[in-house]
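**Student:** my questions concern the predicted model and sequence given below.
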Amino acid sequence: MADLLNKNSVLRKIVTNVSGVISLVILGIIVLLAIFAPVLYPDGPFEMVGNPFMPPFGEFLFGTDMLGRDIAAGIAYGARISLLVGLVATFIIVLLGTVIGGLAGYYGGWVDTLMMRVTEFFQTIPTFIGAIVIVAILGPTLPNVIGAIAIVSWAPLARLVRAEVKKTVNLEYIEACIALGMSDIRILIVQILPNVLSTVVVAGSLMVATAILFESGLSFLGLGDPNIMTWGFMVGAGRSAIRTAWWMVTIPGLAILFTVLAINLLGDAFNEALNPRSKR
Amino acid sequence: MWLARLRYVFNRVLHGLPIIFAIVIVNFFLVRLAPGDAAQVLAGESGAATEEYMRQIREQFGLDQPLYVQFLSYMKNLLFFDLGYSFRHGREVSSLIFERLGATALLMGASMVLSVGFGILLGAIAAIKDRTFLSNMIMILAIVSYATPLFWVGLMLIIVFSLNLGWFPTSGIATIGAPLGFWDSALDVAHHLVLPALSLSFFYMALYTRLMRASMLETLGQDFIKTAHAKGISEGQVVRKHALRNAIMPVLTMAGVQVSAMLGGSVIIESVFGWPGLGLLAFESLFARDLNLLLGIFFLSSILVVVTNAIVDVIYTIVDPRIQLRSNTRNG
């Protein structure tokens, strides 16, 4: 915990890590692209700006799709959605996972049994098919997509948090807190949560990457919001032209690959900085 | 011993029942949670829903009955594996699903063997040759594959190996209209299987490679390996007979857990390659807005996971005799 609060130390460890630097650079570019998308491409990603089927590195950096839309604009606007989905879904997952795992680990007994049964259910169902069903029934809007991803993905994190809480809950200082008459909520938040935090940060950072992959899969299948340009949708739409226009499927896919790769590397760097003993 | 094993299997099956029951409840309420009339949801959004079609649906699902009656009749139908009727296909949902099960099983089986096999091989090499160029290359490959969307791998393989090189077909499970003998048609299916199976195994291979490397490094550092070396056993023997066998267990555990995720992956890969399994059926039902069929696929694939998990647990007790046949190994 001291590590996490002393930001300099964690940051320095990440910056001195080669893959940490690479990932920060890639992510920086993607974040800037997402922020300045409306400045760079004021017409939006759906505007037809040129001839259809223009190859990349000509008049348009990444070429145009079969409707003459600028693929680079789609990449920039898609970055916003990918990052948004990744962050919001992860926030909900972390919230659900920490609360459910924390309560189960702290109280034990029937609370634990009940919550672990629910967790087990969500770990058993095929998560991607579950998300497909939820979005198909509730409708393809961005909040539904984010909610569906979160609902099917929190279970592993809850298990992780529960295990960590169980480890700390039997330590003597927690007994001392109980003896002092501290309330359960105060013990959970002030005493136990800090011990779990580094685990949650590492798992959560990897969760962002998984959520982005998840979202791209859903939009690839046509389950994304039809009014929003996403990378997965671009690949899915470009499929029909795969014989003549390789770039329509290749470039948005590379954008997903680089983003997810950078977040995974950053997560690994976090892990090394926060848990120095578990180097591998 | 066999009696104990039989009892263990029985208990594992019992353990899966509450989960199946929970899936039934979730399926039942999902449709009724949807905005609007459940009949409208089940009929789909396309304008094809005639008044008669809607009445048929209301009748089939008993939507004019009170909720608990609806639920009881739903349960009764599921008990007899009656998943309802797909009006789009004009057939029973259950027969549609069973027809597609084989193709998915083939694809998943092949991908499982590929990903576990290569994962163990590459992970072991990366651990034995730790801190060498070869090991670094393997780990970079693993990190990149771990970040690659499944559908994109599939499309890239199609561009390179089907469209440019022409080595493999772009889609389908067999050449249409080719009257072949048994061996020739098996070869034909295998030829169609290569790209989808490779695509699906790519991500999981990365997962197993990383896991195997970590597990192998840990095993190689343990005392019994030093003892084996001290006894004068050759390096190859130590790796093969002592380290590998122990290091493999976490990978096998993970492979069992990943069956559920792989089913999701097969929806994507089957849609990319037009592989006529459950996943493509799910994709088609999405397009046709055939929600009842989609729910049927969800239900059956969940059962599939419960059953595979039980089978994996049982296989485990055979592979690793140290695991005791306790009925409640999962409650820990």
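**Tutor:** Good, I have the coordinates. Numbers count the residues shown, from 1 in each chain, chains lettered A, B, ... in the order given.
**Student:** secondary structure element for the residue in the stretch 51-200 of chain A that chain B sits nearest to?
**Tutor:** Here the stretch 51-200 of chain A gets closest to chain B at one residue, A:Phe128, 2.5 Å apart by Cβ to the nearest Cβ. Glycine gets a C-beta too; all of them are placed from N, C-alpha and C. If you go by DSSP states H and E, A:Phe128 is part of helix A:127-138.
**Student:** average pLDDT across that helix?
**Tutor:** Helix A:127-138 shows a mean pLDDT of 89.
**Student:** and the longest helix for the chain?
**Tutor:** I went with chain A, as the question did not name one. If you go by DSSP state H, chain A has its longest helix at helix A:71-107.
**Student:** switch to chain B, please.
**Tutor:** Max-length helix for chain B by DSSP H is helix B:182-220.
**Student:** list the buried ones in it?
**Tutor:** Across helix B:182-220, burial judged by 16 or more other Cβ atoms under 10 Å in any protein chain shown covers B:188-189, B:192-217, B:219-220.
**Student:** for the closest residue to chain A within chain B, give me its contacts.
**Tutor:** At 2.5 Å from chain A, B:Gly264 is the closest residue in chain B, using Cβ to the nearest Cβ. Applying Cβ atoms under 8 Å, 6 or more residues apart in numbering or on different chains, we find B:Gly264 in contact with A:Pro126, A:Thr127, A:Phe128, A:Ile129, A:Gly217.
**Student:** just the pLDDT for it.
**Tutor:** On the pLDDT scale, B:Gly264 gets 88.
**Student:** wait, is it part of a helix?
**Tutor:** Yes - B:Gly264 forms part of a helix when assessed by DSSP: H, G, I helix; E, B strand; the rest coil.
**Student:** once you drop chain neighbours, what's closest to it?
**Tutor:** Among residues not flanking B:Gly264 along the chain, A:Phe128 sits closest, at 2.5 Å (Cβ to Cβ, 6 or more residues apart in numbering or on different chains).
**Student:** re earlier: check the offset of the following helix or strand past the longest helix of chain A from the chain's centre.
**Tutor:** Reading on from helix A:71-107 to the C-terminus, the next helix or strand found by DSSP H and E is helix A:109-124. Remark: helix A:109-124 is offset 24 Å from the chain centroid, using Cα atoms, centre = their mean, to the nearest Å.
**Student:** and the angle from helix A:109-124 to helix A:127-138?
**Tutor:** 90 degrees (axes from the mean of the first three to the mean of the last three Cα atoms, to 10 degrees).
**Student:** and helix A:109-124, what does it pack onto?
**Tutor:** helix A:71-107, helix A:155-169, helix B:2-33, helix B:291-319 (3 or more Cβ pairs under 8 Å, 6 or more residues apart in numbering or on different chains; DSSP states H and E).
**Student:** where's residue 255, which helix or strand?
**Tutor:** Here I'm looking at chain A. Using DSSP H and E, A:Ala255 falls in helix A:246-274.
**Student:** please go with chain B instead
**Tutor:** Going by DSSP H and E, B:Ala255 is in helix B:244-257.
**Student:** pull out the buried positions in that helix.
**Tutor:** For helix B:244-257, by 16+ other Cβ under 10 Å, it's B:Leu244, B:Asn246, B:Ala247, B:Ile248, B:Met249, B:Pro250, B:Val251, B:Leu252, B:Met254, B:Ala255, B:Gly256, B:Val257.
**Student:** what does the stretch 101-250 of chain A put close to chain B?
**Tutor:** For the stretch 101-250 of chain A, the contact set with chain B under Cβ under 8 Å from any Cβ of the partner chain comprises A:113, A:116-117, A:120-121, A:123-130, A:132-134, A:136-139, A:209, A:213, A:216-217, A:220-223, A:232, A:235-236, A:239, A:242-243, A:246, A:249-250.
**Student:** could I get the contacts of B:Gly264 as a markdown table with neighbour count and distance to B:Gly296?
**Tutor:** What follows is the contacts of B:Gly264, written out as a markdown table (neighbours: other Cβ atoms under 10 Å in any protein chain shown; distance: Cβ to Cβ, whole Å):
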| residue | neighbour count | distance to B:Gly296 |
| --- | --- | --- |
| A:Pro126 | 25 | 13 |
| A:Thr127 | 23 | 18 |
| A:Phe128 | 28 | 17 |
| A:Ile129 | 26 | 11 |
| A:Gly217 | 26 | 21 |
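**Student:** following the helix or strand bottoming out on mean pLDDT in chain B, which helix or strand comes up?
**Tutor:** For chain B, the helix or strand with the lowest mean confidence is helix B:38-43, at a mean of 66 (criterion: mean pLDDT, DSSP states H and E). Downstream of helix B:38-43, the first helix or strand assigned by DSSP H and E is helix B:51-61.
**Student:** on that earlier part again, touching chain A at all, the longest helix of chain B?
**Tutor:** Yes - interface with chain A: helix B:182-220 contributes B:Arg213, B:Ala214, B:Leu217 (Cβ under 8 Å from any Cβ).
**Student:** helices and strands around that helix, which ones?
**Tutor:** Going by 3+ Cβ pairs under 8 Å, 6+ apart, helix B:182-220 lies up against helix B:93-128, helix B:133-146, helix B:150-157, helix B:244-257, helix B:259-273.
**Student:** tell me which of the ones you listed sits most buried.
**Tutor:** Among those, helix B:259-273 has the highest mean neighbour count (mean count of other Cβ atoms under 10 Å in any protein chain shown), at a mean of 25.
**Student:** by how many degrees do that helix and helix B:291-319 diverge?
**Tutor:** Going by the same axes, to 10 degrees, helix B:259-273 makes 130 degrees with helix B:291-319.
**Student:** could I have helix B:259-273 exported to PDB, CA atoms only?
**Tutor:** Listed next in PDB are the C-alpha coordinates belonging to helix B:259-273 (Å, rounded to 0.1, in the frame of the first residue of the first chain):
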ATOM      1  CA  VAL B 259     -14.000 -24.600 -22.300                       C
ATOM      2  CA  SER B 260     -16.700 -22.100 -21.400                       C
ATOM      3  CA  ALA B 261     -14.700 -19.200 -22.900                       C
ATOM      4  CA  MET B 262     -13.900 -21.200 -25.900                       C
ATOM      5  CA  LEU B 263     -17.500 -21.700 -26.700                       C
ATOM      6  CA  GLY B 264     -17.800 -18.000 -26.900                       C
ATOM      7  CA  GLY B 265     -14.800 -17.800 -29.100                       C
ATOM      8  CA  SER B 266     -16.300 -20.400 -31.400                       C
ATOM      9  CA  VAL B 267     -19.300 -18.100 -32.000                       C
ATOM     10  CA  ILE B 268     -16.900 -15.600 -33.500                       C
ATOM     11  CA  ILE B 269     -14.700 -18.100 -35.400                       C
ATOM     12  CA  GLU B 270     -17.700 -19.900 -36.800                       C
ATOM     13  CA  SER B 271     -19.200 -16.600 -38.000                       C
ATOM     14  CA  VAL B 272     -15.900 -15.700 -39.700                       C
ATOM     15  CA  PHE B 273     -15.400 -19.100 -41.400                       C
END
